[in-house]
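Asks: All I have is the shape, not the residue letters:
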């Protein structure tokens, strides 16, 4: 994880978890540059940043949440469903589902995406179209990504 400032300093998230939780719980927002490829093609490793906010009401299908796995790993994935045991999640670049993520594991959800200085709000029409499309092709992502990689 990187702090978003002029000199982009590398920090360990675990060292700042308490501050992040306090800021989000008090109605604030937190921004960080993402690491990893699980949310490609929406988010790219060390290029894009996200702004998180705590949700006042229930999280829903399509929300991209930032949560902590039971093993201590911090993850940013999309909610694709819910059952009696919790949320069902999947990264946009993945096909394997993660089950049983509980509310208490969630820090917040993405409200903005910053890509090369351009801000995309998750309540925009363009984002909603992308999100609906990408969730609908989840069973076919492998084929879709092979085609994208060959074309681009």
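Replies: Received it, and whenever you're ready, just let me know what you need. Just so it is clear, the structure is predicted and the values come from calculations on it, not from any experiment.
Asks: Quick check: which ranges of this structure have low pLDDT?
Replies: Within the chain, the ranges that satisfy pLDDT under 70 run 1-11, 152.
Asks: same thing but 90
Replies: 1-16, 40-41, 55-58, 93-96, 116-117, 130, 133-152 (pLDDT under 90).
Asks: That one: strands as residue ranges?
Replies: 29-33, 49-53, 64-68, 74-83, 86-90, 98-101, 106-115, 118-121 (DSSP state E).
Asks: what's the angle from the third one to strand 86-90?
Replies: Strand 64-68 runs at 110 degrees relative to strand 86-90, counting by axes from the mean of the first three to the mean of the last three CA atoms, to 10 degrees.
Asks: For the strands of the chain, please prepare a markdown table with the additional fields distance to residue 138 and mean neighbour count.
Replies: Just so you know, the C-beta spots here come from the backbone N, C-alpha and C atoms, and that holds for glycine as well. Formatted as a markdown table, those follow (distance: least, CB to CB, whole Å; neighbours: other CB atoms under 10 Å):
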| stretch | distance to residue 138 | mean neighbour count |
| --- | --- | --- |
| strand 29-33 | 26 | 17 |
| strand 49-53 | 21 | 20 |
| strand 64-68 | 14 | 22 |
| strand 74-83 | 7 | 18 |
| strand 86-90 | 7 | 20 |
| strand 98-101 | 13 | 16 |
| strand 106-115 | 18 | 20 |
| strand 118-121 | 21 | 12 |
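Asks: Kind regards, and thank you for your time.
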